[in-house]
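**Q** Generate a structure from the sequence data that follows.
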Amino acid sequence: MNQRIGAVLLALPMTAGGLSLFGVRTEASANSAPAYWTGTDGSGVVAVYDGGDCPIEVKKETLTFRIPDLPLAEMENYRSNVTAEYELYNPTQEDISLTLFFPVGFRPDYSEAYEANGTPLPGAEAYSVTVTQEGREQNVDLSFRHTYYISKNIGQFEVAEQLPSDYYADSSFYGREMRVTRYSYTVTAPSDGTYYTFCFLYDCNPRKTQIICESGVTGTANGVGVAYAYLNAGQTREVTFYAVGEQLASGNISTRLTVGRGGYSEEAQGGSISMLTETRQTFAEFVEDFRPREQTEYGGVSEVDWYNAVVAMLSSGESGMLFLSDDLPLMDYLLLWCEYSITVPARTTIHNTVTAPLFPGVERGNYTYDYLLSPAWYWASFGDLTVRLETPYYLSSSTLPFTRQTYGYSFRKDSLPMGELSFTLRESETTIVPYDAYDEISPTIVTALILLGAVVIVAVVAVIVGVRLHKRNLKKIEQQQARLERGRAQEGHIDLPDDAHGGHHDDTQ
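**A** Residues are numbered from 1 along each chain as shown. Next up is the predicted model:
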């Protein structure tokens, strides 16, 4: 199936169950909390249509941000969410079926504070989708998907390139039937010393064979490739290396045990190395062996999502330690998505409503909500947009010109704005944040201190220059006064300064 972006339905937060897509480092207002908290940048719900460009028109969309509470201000029963209500019209003579995704994201830092308090943030149950047609409302089934995503920079996030796929990824190197050879060793490090490095040395064509190991460290030394595994003194363990692609020739493999970490130091005295096994399997089988089987409230990671994530990870240049090592599990880099399907009958309008929790970025009393609106240009056409902020809190800044209402704030436009949506709330117009001497310094304070330092330096320089000019002027006055005092009658004439004769006087001489 040639998946194409048919439309982006609405700007929704990339969060669920305390998950946030993009890590924006901001500072918490709670005195006893860590200095910075991860915030949430948002994107849109994307509709995938098999028939090419999506013909569905958005007649009207209403985004309602219900924000009765702020994260960390209250630790009980967090309820803030956003609801998107929109009218979708199918102008064609055929029913149009769409598969829709919206990114859910990663866990924000402050979710741990809620879990420690015994009041976890809303999870999968906080998401809901309904479709209403001719007055009949129906719930839509949701499922959760995963993709590999390591960057936290929203400027690098491309929704079209990140969508989950039902098809196994194609790669210029990795293929499902590619051979993987597993080399396992039993290694015992000497009992004296502290650390040791087991080195797997090999010679191969890197365009046809890639070596993957649990440490993720591979390189070259003395013209051959080398991969590492680390051991403590006296430790015995099984160490495994994987050759993906062409099998290594037996004469092109050697091993050694060195002192310390890194493999470039002296060889260890003592210890032992023995070959355990050499087995072969396909790349698909190799990847599947490491797929996590545990289920969470969002379900498990599907076989296709896990395979595609591993291929994306390896193709991006990241090492295999992300899914071979317990220290850096690949699960930490899996972006969570919500998926659902709808059908818009021919010549018919339906109402689609999506609800999701909200988790803003937090910085010393400022709560910032960021959402991308621009992807909505993928629709065939877009009608008017209404944004409502139902909140008792003060709107301190926004990219859109909101109008104050009894329930909070509102914005309306008969077309999609060209910019993005970002707004910041405060508990009041003059929120005061208590100073915590043990808090880590924030970027805002750092900036203020830098500016203050610059002002102080300028002031000091100005004072120094002023003093030097003042001293110079005093010296000139003293010199002129001395010359006047020397102007006395001698032998029938008076000695006067040169200035008195109208001659040129150069102060620089």
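**Q** tell me which element residue 338 falls in.
**A** Assigned by DSSP states H and E, residue 338 falls within strand 334-344.
**Q** what about that strand, distance to the chain center?
**A** Taking CA atoms, centre = their mean, to the nearest Å, the mean C-alpha location of strand 334-344 is offset from the chain mean by 21 Å.
**Q** what helices or strands is that strand leaning on?
**A** The contact analysis (3 or more CB pairs under 8 Å, 6 or more residues apart in numbering; DSSP states H and E) places strand 334-344 against strand 81-90, strand 96-105, strand 143-148, strand 348-357. Bear in mind the C-beta positions are built from the backbone N, C-alpha and C, glycine included.
**Q** Tell me the first helix or strand C-terminal of the second one.
**A** Scanning forward in sequence from strand 96-105, with DSSP H and E defining helices and strands, the next element found is helix 110-116.
**Q** With just CA atoms, put the strand holding residue 338 into CSV.
**A** The C-alpha trace of strand 334-344 is given here as CSV (Å, rounded to 0.1, in the frame of the first residue of the first chain):
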residue,chain,number,x,y,z
LEU,A,334,9.8,4.2,21.0
LEU,A,335,7.4,6.9,20.2
LEU,A,336,3.8,6.0,21.1
TRP,A,337,1.0,6.6,18.6
CYS,A,338,-2.8,6.3,18.7
GLU,A,339,-4.5,4.7,15.7
TYR,A,340,-8.1,4.5,14.6
SER,A,341,-10.2,4.2,11.5
ILE,A,342,-13.3,6.0,10.2
THR,A,343,-15.4,5.9,7.1
VAL,A,344,-17.1,9.1,5.6
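**Q** in stretch 287-300, what counts as buried?
**A** 287, 291, 298 (16 or more other CB atoms under 10 Å).
**Q** One more: stretch 118-134?
**A** For stretch 118-134, burial by neighbour count (16+ other CB under 10 Å) applies to 121-124, 126-127, 129, 131.
**Q** again with stretch 250-267
**A** For stretch 250-267, by 16+ other CB under 10 Å, it's 253, 255, 257-259, 261, 263.
**Q** Any idea how far apart the tips of it sit?
**A** End-to-end span of stretch 250-267 (CA to CA, to the nearest Å): 22 Å.
**Q** next one: stretch 185-198
**A** 10 Å.
**Q** Residues touching that stretch, excluding its own?
**A** For stretch 185-198, the external contacting residues (CB atoms under 8 Å, 6 or more residues apart in numbering) are 200, 228-240, 255-263, 265, 268-276.
**Q** Residue 405: what's its closest spatial neighbour, skipping adjacent residues?
**A** residue 388 (8.0 Å; CB to CB, 6 or more residues apart in numbering).
**Q** close enough to count as contact, the one you found and residue 65?
**A** Yes. Judged on CB atoms under 8 Å, residue 388 makes contact with residue 65 at a distance of 6.8 Å.
**Q** So for these two, which residue has more residues nearby?
**A** When neighbours are counted by other CB atoms under 10 Å, residue 388 and residue 65 differ, and residue 65 comes out ahead with 23 against 20.
**Q** partner residues bridging the more buried one?
**A** residue 82, residue 389 (DSSP bridges).
**Q** Same check on residue 221?
**A** Listed by DSSP bridges, the beta-bridge partners for residue 221 are residue 224.
**Q** where's it relative to residue 254, distance?
**A** Distance, residue 221 to residue 254, using CB to CB, to the nearest Å: 12 Å.
**Q** do residue 268 as well
**A** Counting by CB to CB, the gap from residue 268 to residue 254 is 15 Å.
**Q** any weak-confidence spans in the stretch 101-250 of the chain?
**A** Where the stretch 101-250 of the chain drops to pLDDT under 70, the residues are 151-158, 160, 217.
**Q** Show the average pLDDT along stretch 426-446.
**A** Average pLDDT, stretch 426-446: 58.
**Q** Tell me where the stretch 301-450 of the chain has strands.
**A** 334-344, 348-357, 361-363, 366-371, 381-390, 394-398, 403-404, 408-413, 421-426 (DSSP state E, counting those that start in this stretch).
**Q** out of these, deepest packed?
**A** Among these, ranked by average contacts under mean count of other CB atoms under 10 Å, first place goes to strand 361-363 (a mean of 25).
**Q** returning to that earlier point: looking at the helices and strands packed on strand 334-344, which is nearest to residue 282?
**A** Set against residue 282 and scored by CB to CB, the helices and strands packed on strand 334-344 come closest in strand 143-148, at 20.4 Å.
**Q** Return the list of helices and strands in contact with that closest one.
**A** Using 3+ CB pairs under 8 Å, 6+ apart: strand 143-148 touches helix 303-315, strand 334-344.
**Q** Could I get those in a markdown table, plus columns for mean pLDDT?
**A** As requested, the helices and strands packed on strand 143-148 are exported to a markdown table (pLDDT from 0 to 100):
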| stretch | mean pLDDT |
| --- | --- |
| helix 303-315 | 94 |
| strand 334-344 | 93 |
